[in-house]
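*Asks:* Show me how the following folds:
(chains A and B)
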Amino acid sequence: MAESTVILEELNRLAPPAELRRAPVVENNRGLGALTDKLSEFAEGKIPRWWWILFIPSAFCAMVVLPMALIYQVSTGVGVWGNNQPVAWGLDIVSFIWWVGVAHAGTLISALLFLTRQHWRTTIGRAAEAMTVFSVMMAGLYPAIHVGRAWFDWFMFPIPNSNGLWPQFRSPLMWDVFAVNTYLMVSTLFWLMGMIPDFAVMRDRAVTRPRKFIFSLLAMGWTGSARQWHHYEKAYVVLCGLCTLLVFTVSSIVGLDFCTSMLAGWHATIFPLYFVIGAVFCGFGMMLVLLVPLRKWCGLENIITMSHMDKVAKLTLVSGLIIAYIYAIEFFIAWYSGDPYERWVFGHRLFGHTYWFLGWTLIAVNVCVTQLLWFKKIRANLTALFIIGVLINIGMWTERFVIVVGSLYQDFLPANWGKYIPTRWDVALYIGSLGAFFMMYLLFVKFLPLVAIAEVKGATPQGNPHHPLGGAKGKP
Amino acid sequence: MIFPKWTNQIPFLIPIGLALVGGAVAAGVTVYCTPKNTRVGYQPVQPVPFSHAVHAGQLGVDCRYCHSTVEKSWFSSIPAASTCMNCHSLILKDDPRLALVRESFTNNTPIPWVQVHIVPDYVYFNHSVHVARGFSCVECHGRVDQMDEVHHAKSLSMSFCLDCHRNPAAFIRPPGKVTDLGWQWSTNAAEAAKLQEVNGKNFVHDWRVESLQSCSACHR
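*Replies:* Residues are numbered from 1 along each chain as shown, chains lettered A, B, ... in the order given. Got it, this is the predicted structure:
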């Protein structure tokens, strides 16, 4: 013990000055055992009151509003929505893009930051992945019913059939089907596989038999042997690689749905990048919304530290700046192209009628509000971060509305102009999907390991074999 | 230990089980749920036991004698009893099998024939355009001249239509031979195939056979 104290002192002497040191991943770290207790206690404890207060309305939206909206729309037809010519893509597609976007930050945090060895991701990675999985599920719901005849959804897949039908592989809408399904599959796999060691922890700590049964089933016989860890780590890296690619491909393809159409406001080469960055930006906004209450209510202040919140806020700022740049480029290209239709559409985004205020909303929120994150005081203020997160989500939802509806409602021929006003069923579906998302997320928060226990422990000094606290002997 | 050791095999058994069940379901659907099974062989009982084998095959009555609108209309008409009575006022004129035909002729009521070949309402099919460009009755209806009572010989599924629409040259024939159901380019199979290949291409080109494949060609 005396020897390791000596080494620790030596380490402290060699370490950089305090202002240059990295913040520890876990604050008030009292060892691995205490960490395990801390991280699993929420999933094992009693259900707190705030959970019920949030869960009951979410479950109502998910189990009553959503089925009602779905059953009425599927049995009656898409006519119950406000969609019609010329605005054939309404709230359904707006919400689809929004949900896909929310998913992206989760993958970026859990996969890209893993490949770049950012240890702080371990504390929020699991929560982010869950956000990804549930929001991709919600995203997938929309195109499936947007087609109008949901019972023909199988037409979208290459299933040999006596109709001689085959998907049109030259259409980006087709690529969308594969992109979103791949995304759902890979991110679910990644999420579930990442939880296996933690399921084993929950299994070993379980006291009741049903609990032991369920977590034994989920842990799939995990013993934590060196061989299992070896395989696990390999699979994890492979899935991370796949997920990282998916961050860029899925929203690019959603962007291609638009930019392959010959419509002013859509037909722009910047769209794939635009959608990827917009997705990541929106997802970081959602991360802020979810993390701020979670860390407080689940007692994770020492795990999801202010330094981590600061980093998420900085990433939000970076993606927000790229978004602002893309907005500027969009307007510039519209002017520079000299195309009268292009100019008309972009002029009308801010100075047209019906939807002009949405154009200003998105500039006010996505461009102006984001700039607040430059200030350290704002980044350290959780209430401010929460509000900014909510605003970014509203702003990004507005952006998709402006792109989808704002380009469609007044196209080339004035005789074709029209308007799109969402009906109550458009709104009910959106509220229902929000409810379903939060219901699943709350279930995850309460009953599954919300923080990756094994990964966090690996990011502490005690989990580092080369650190004196982790058992290293001799001079550093 | 909650689970006994044999449960380790479950992960391997699940894919095998799924493959077996999935394969059986896929094979079952392919065989039993497609028009090849649900339509082919359909032979309703007709009010009058009219034999195409006798009339079209043995006697050599041209299809168009009875189905007279096939060259002019999208619809190939079913003959009125008066068409039958052209001959049957003299031949078999007291035969009990023809009682319904005579009754129909006298009372001016239609014979309740049961339709065998039918395409759904959302499919537009035009007989005249196919017949005029040299596509024989036999391609869709089979050897009706060899059937006593007509049965559904081909599947008439969408892929059945597309097989021809994607390669009309393999099925086209001289327009004069459209109602000659047993007609071949040659009795020698190899030679027939060769002639079909050469002439088929020329016919499709010369007669501007469009063989549309757009959705709205049939689903209007």
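
*Asks:* mind checking pLDDT for residue A:44?
*Replies:* Residue A:44 carries a pLDDT value of 90.

*Asks:* Now it: closest residue in space that isn't a chain neighbour?
*Replies:* Distance criterion Cβ to Cβ, 6 or more residues apart in numbering or on different chains; nearest residue to residue A:44, sequence neighbours excluded, is residue A:205 at 6.8 Å. For the C-beta atoms, the positions are set from N, CA and C on the backbone; glycine is no exception.

*Asks:* residues in contact with that neighbour?
*Replies:* Residues near residue A:205 by Cβ atoms under 8 Å, 6 or more residues apart in numbering or on different chains: A:36, A:40, A:44.

*Asks:* ok, of those, which one's closest to chain B?
*Replies:* Top of the list for closeness to chain B, among the contacts of residue A:205 and by Cβ to the nearest Cβ, is residue A:44 at 17.6 Å.

*Asks:* Neighbour-wise, give me the winner out of the contacts of residue A:205.
*Replies:* Using other Cβ atoms under 10 Å in any protein chain shown as the neighbour criterion, residue A:40 leads the contacts of residue A:205 with 20 neighbours.

*Asks:* Now do the contacts for that residue.
*Replies:* So residue A:40 contacts A:201-202, A:205, A:449, A:453 (Cβ under 8 Å, 6+ apart).

*Asks:* Of those, grab the buried ones for ChimeraX.
*Replies:* With 16 or more other Cβ atoms under 10 Å in any protein chain shown as the criterion, this ChimeraX line picks the buried residues out of the contacts of residue A:40:
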select /A:201,202,205,449,453
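
*Asks:* Tell me which of the contacts of residue A:40 fall in helices.
*Replies:* A:201-202, A:205, A:453 (DSSP state H).

*Asks:* For the residue nearest to residue A:44, give me the pLDDT.
*Replies:* 93.

*Asks:* hang on, the earlier thing: using JSON lines, lay out the contacts of residue A:40 together with distance to residue A:358.
*Replies:* Shown next, in JSON lines, are these (distance: Cβ to Cβ, whole Å):
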{"residue": "A:201", "distance to residue A:358": "47"}
{"residue": "A:202", "distance to residue A:358": "46"}
{"residue": "A:205", "distance to residue A:358": "50"}
{"residue": "A:449", "distance to residue A:358": "40"}
{"residue": "A:453", "distance to residue A:358": "44"}
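
*Asks:* quick one: which of the contacts of residue A:40 is nearest chain B?
*Replies:* Of those, the one sitting nearest to chain B (Cβ to the nearest Cβ) turns out to be residue A:202, at 13.0 Å.

*Asks:* Now do the contacts for that closest one.
*Replies:* A:40, A:43-44, A:211, A:215, A:219, A:449.

*Asks:* ok, of those residues, which one's closest to residue B:76?
*Replies:* residue A:219 (68.2 Å; Cβ to Cβ).

*Asks:* Tell me, how many residues neighbour the closest one?
*Replies:* By other Cβ under 10 Å, neighbour count at residue A:219 equals 20.

*Asks:* what's the distance between residue B:46 and chain A?
*Replies:* 27 Å (Cβ to the nearest Cβ, to the nearest Å).

*Asks:* Can you report how many residues lie near that residue?
*Replies:* Neighbours around residue B:46, by other Cβ under 10 Å: 15.

*Asks:* So for residue A:409, what's the nearest residue that isn't a sequence neighbour?
*Replies:* residue A:87 is the one closest to residue A:409 (Cβ to Cβ, 6+ apart), at 5.2 Å.

*Asks:* residues near the one you found, how many?
*Replies:* Quick note: residue A:87 (other Cβ under 10 Å) scores 21 neighbours.

*Asks:* do residue B:34 as well
*Replies:* For residue B:34, using other Cβ under 10 Å, the count is 17.

*Asks:* Pull the contacting residues for it.
*Replies:* A:161-162, B:155, B:157.

*Asks:* What's the first helix or strand after the lowest-mean-pLDDT helix or strand in chain B?
*Replies:* Least confident helix or strand, chain B: helix B:35-38 with a mean of 87, by mean pLDDT, DSSP states H and E. Downstream of helix B:35-38, the first helix or strand assigned by DSSP states H and E is helix B:52.

*Asks:* what packs against that next one?
*Replies:* The contact analysis (3 or more Cβ pairs under 8 Å, 6 or more residues apart in numbering or on different chains; DSSP states H and E) places helix B:52 against no helix or strand.

*Asks:* quick one on the thing from earlier: which single one of the contacts of residue A:202 is nearest to residue B:8?
*Replies:* residue A:219 (13.1 Å).

*Asks:* wait, doesn't that closest one sit right on residue A:200?
*Replies:* Yes - with contact defined as Cβ atoms under 8 Å, residue A:219 reaches residue A:200; the gap is 4.1 Å.

*Asks:* picking up where we left off before, now do the same contact list for the residue nearest to residue A:409.
*Replies:* Residue A:87 neighbours (Cβ under 8 Å, 6+ apart): A:405, A:408-409, A:418-420.

*Asks:* List just the nearest of those residues to residue A:167.
*Replies:* For those, the nearest to residue A:167 is residue A:408 (24.6 Å; Cβ to Cβ).

*Asks:* if I look at that closest one, how far off is chain B?
*Replies:* 23 Å.

*Asks:* Look at that residue and say how many residues are nearby.
*Replies:* 25.

*Asks:* now do the one 3 residues further on
*Replies:* The number of residues packed near residue A:411 is 20, by other Cβ under 10 Å.

*Asks:* Kindly report the same for residue B:182.
*Replies:* 10.

*Asks:* Same question for residue B:196.
*Replies:* 19.

*Asks:* Over to residue A:256?
*Replies:* 19.

*Asks:* Okay, the nearest residue to it once chain neighbours are set aside and residue A:255: tell me how far apart.
*Replies:* Counting by Cβ to Cβ, 6+ apart, residue A:256 lies nearest to residue A:172, which is 3.9 Å off, once chain neighbours are set aside. According to Cβ to Cβ, to the nearest Å, residue A:172 stands 9 Å off from residue A:255.

*Asks:* the more surrounded of the two?
*Replies:* Between residue A:172 and residue A:255, counting by other Cβ under 10 Å, residue A:255 is the more crowded of the two (25 against 18).

*Asks:* hmm, back to that, which of the contacts of residue A:87 are buried?
*Replies:* A:405, A:408-409, A:420.

*Asks:* would TSV of the residues you listed with secondary structure and pLDDT be doable?
*Replies:* Compiled in TSV, those are given as follows (DSSP: H, G, I helix; E, B strand; the rest coil; pLDDT from 0 to 100):
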residue	secondary structure	pLDDT
A:405	helix	93
A:408	helix	91
A:409	coil	90
A:420	coil	91
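
*Asks:* Just give the closest residue to the residue of the stretch 201-350 of chain A found nearest chain B, not the sequence neighbours.
*Replies:* Residue of the stretch 201-350 of chain A nearest chain B, by Cβ to the nearest Cβ: residue A:216 (4.3 Å). Nearest residue to residue A:216 in three dimensions, chain neighbours excluded: residue B:2, at 4.3 Å (Cβ to Cβ, 6+ apart).

*Asks:* Any stretches of the stretch 1-150 of chain A with poor pLDDT?
*Replies:* Scanning the stretch 1-150 of chain A for pLDDT under 70 picks out A:1-4.

*Asks:* wait, residue B:136 sits on residue B:177?
*Replies:* Yes - between residue B:136 and residue B:177 there is a contact at 7.0 Å, judged by Cβ under 8 Å.

*Asks:* Out of those two, name the residue with the larger neighbour count.
*Replies:* residue B:136 (21 against 14).

*Asks:* Good, wrapping up.
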